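In: can't give you the sequence, but here's the structure:
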């Protein structure tokens, strides 16, 4: 790999080349374990309250599956592009990493825009935080995920900007790796939101 | 690497402690802060007992009484015993596994400051419109706006900030123990305190996110018009109970497992024997940790979950007695035939065993759902959990403090004062809580600020309050002991107790890099193995060389300060303050993220003691 002049000294799997890197990767996996409990609790709460519309709009009346399908497509595609960035990381190719992450960020921004549009639309339809227990649970679960997306986007942009100066090193490599891991996790959570909130919200009749 | 500074940053005094990332100094911070909150919680307890000393007196009144019991429970669990546990974990775990540091020194400091600012935020409620008064469990709907004042907002935000600190602390210890063990330190050679810290950290990781969610939902209900717990709008109060106890039940094992670890170390050292049944102890610890997650609904037997749920949760709860019994017998068999000494540390450890057993037995009684309908919300429950948490955990912490004080501070605690401390605290404890079993069986409810006379409750309550004074005297004696030790000029030796594990192989207090050379571990009770082989110290696993250290940083303090400020913004609905606080914290995170910490090196010739050639 003589053409990769600066990266020739970089070891394989640069994210785990140092003890600090190994610690970060393990610590982040554990953190994601905690995040799983966090989202699990929010999902359980949502499932318990999803039919409590309290006279306000129900999920069946509100959800527009076309919009959700487009949002899902954007986010799942961004998951793939973040994996491409990880693959580029293992090839120690900073240019490719930056390219794939830029696409990831753009797709994420598209998803976020759709979600904001969706929330504004629902509020106009009469679904406010205080309308019903269903509303509170919906905005909290989906909003928490949205906040994770927003945080992830800011994180990745920050990494991209600082990496233009620092380059790909054993210090920056774990950061890229973790950001991609985080992004992938958010997508997995979305798969569950898509199923539990939207698909179940469309087919599930009101209990009682 | 020219980026590496070649010498330690020169900091001293308060500034040193505000910026430190050294796990041994963070341990001292945890101990001081936890100690202060312990005194606050103890003062609250004393006021509760004084109010209940005689029937129908008006010492503090009903409203203050509600605030006192809420703050006593919350303070003791979250702000007193957890930090003291974290103090011992920080001081000892890296030493026991032969590590130079924890995995994430910066995160370690951040964890402390988050806990500290969360605790301060919660306690300022006393001066800013009233403390939380909905009980330490903050059950909804009682904890919603229509029944509770602003104090619950302090509860929600203070615990949220402190809880974040605990969570990242737990992750730090998990990674430290998995990745940073010295060569030869296999999992089955780890000392029991490290093992119990490991399992406890795992419990923290999976339990704390549940309370995070619970607190967020309660916050949304109280501050942003949410309806999670408002039955009128379709909400469901039992969700809070589930979330609280999915966290809350593992929490009692988060508390007690480190105490089990301490007792194992102390009993083994002072019996001059290796711990009996080491591998069954490890297995029992892991099993208790696992079962701890399976039993949360035993706090909710009377909620109306139904007979099947109650039966299953009752059975699962009783199962925990099995691994706990294994532990009790292992401690007894460790002492059996040993050369037992009784310094204060071992007095507390030996006092722990029967006391904790009583608490465990009343626990099995409470695990029977039909019987629980009788005990429910009575003083019997109060007696039970104080036998477990004070008679178990606090005795364990005292044992640990007397045992490891020389390692942490380089000074020995005075044994004469220590023995007075033990006996006043031990007798005071049993006087306080033993009568409460009978008070409960005779019908005295918990959380009620007074009772009528001539209902056979007078004598028990009077004795209980006298006992509380005994515990107060014990605590004051401990503080005196700390001062006496600090003033004494005698320095503690490296290995004052003829210890068995690695922390006793290095000076007291340890140098900032812990080990000059990473030790090679050749068996369980690593130091004892070397002593038995006739060696003077540990065999090194590496040659002497420069040691890389992380730089101190003021950012953990500032990050936590930002959240602290934002917390007040939420409580007082001032969103400008919220935004300022959060932006400040995010700015600190940004700085941390962009500026890499190259750390510094301690050079070979600067090392305080000369190691041996590898």
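Out: Everything's here; your move. This one's a predicted model, so the numbers in the text were calculated from it and none came from an experiment. Residues are numbered from 1 along each chain as shown, chains lettered A, B, ... in the order given.

In: what residue lies at the spatial centre of the chain?
Out: By default, I'm working from chain A. Geometric centre of chain A, nearest residue: residue A:186, 2.9 Å, by Cα atoms, centre = their mean.

In: nope, chain B
Out: Mean-position check on chain B, Cα atoms, centre = their mean. Result residue B:82 at 2.1 Å.

In: Could you report the neighbour count for residue 25?
Out: Defaulting to chain A. 19 (other Cβ atoms under 10 Å in any protein chain shown). Using the backbone N, CA and C atoms, a C-beta is placed for each residue, glycine as well.

In: That was the other one, I meant chain B.
Out: 20.

In: That one touches residue B:16, doesn't it?
Out: Yes - Residue B:25 sits in contact with residue B:16 when judged by Cβ atoms under 8 Å, with a separation of 7.4 Å.

In: tell me the phi and psi of whatever residue of chain A ends up closest to chain B?
Out: In chain A, the residue that lies nearest chain B is residue A:52 (2.8 Å; Cβ to the nearest Cβ). When quoted as degrees, to the nearest 10, the phi and psi of residue A:52 stand at phi -90, psi 70.

In: The residue nearest to the centre of chain B is in contact with residue B:33, isn't it?
Out: No - the pair residue B:82 / residue B:33 is not scored as a contact, 10.7 Å apart, by Cβ under 8 Å.

In: overlap in contacts of those two?
Out: Taking Cβ atoms under 8 Å, 6 or more residues apart in numbering or on different chains as the criterion, residue B:82 and residue B:33 both touch residue B:115.

In: Which parts of chain B are strands?
Out: B:547-549, B:600-602 (DSSP state E).

In: Tell me, how many residues neighbour residue 191?
Out: Going with chain A. Using other Cβ under 10 Å, residue A:191 is surrounded by 13 other residues.

In: My question was about chain B, not that one.
Out: Residue B:191 has 27 nearby residues by other Cβ under 10 Å.

In: List the single closest residue to it in space, sequence neighbours excluded.
Out: Among residues not flanking residue B:191 along the chain, residue B:501 sits closest, at 4.4 Å (Cβ to Cβ, 6 or more residues apart in numbering or on different chains).

In: wait, that neighbour sits on residue B:96?
Out: Yes - Residue B:501 is within contact range of residue B:96, at 5.3 Å (criterion: Cβ under 8 Å).

In: Please enumerate the shared neighbours of these two.
Out: In contact with both residue B:501 and residue B:96: residue B:191, using Cβ under 8 Å, 6+ apart.

In: Show me the shaky parts of the chain.
Out: You didn't pick a chain, so chain A it is. Applying pLDDT under 70 to chain A picks out residues A:1-8, A:204-208.

In: ah, no, chain B please
Out: Counting by pLDDT under 70, chain B shows low-confidence ranges at B:1-10, B:608-614.

In: For the longest helix seen in chain A, name the packing helices and strands.
Out: Secondary structure assigned by DSSP state H gives helix A:133-166 as the longest helix of chain A. Contacting helix A:133-166 under the criterion 3 or more Cβ pairs under 8 Å, 6 or more residues apart in numbering or on different chains; DSSP states H and E are the following elements: helix A:19-49, helix A:94-124, helix A:172-193, helix B:192-223, helix B:575-594.

In: Just give the number of residues close to the residue nearest to the residue nearest to the centre of chain B when sequence neighbours are not counted.
Out: The shortest distance from residue B:82 to any non-neighbouring residue, by Cβ to Cβ, 6+ apart, is to residue B:166 (6.4 Å). Residues within reach of residue B:166, counting by other Cβ under 10 Å, total 26.

In: ok, the residue in chain B that chain A sits nearest to - how many residues close by?
Out: Closest approach between chain B and chain A, counting by Cβ to the nearest Cβ: residue B:234, at 2.8 Å. Residues near residue B:234, counting by other Cβ under 10 Å, number 22.

In: Show me the longest helix that occurs in chain B.
Out: Per DSSP H, chain B has its longest helix at helix B:237-271.

In: Pretty sure residue B:291 sits against residue B:319.
Out: Yes - Residue B:291 is within contact range of residue B:319, at 5.9 Å (criterion: Cβ under 8 Å).
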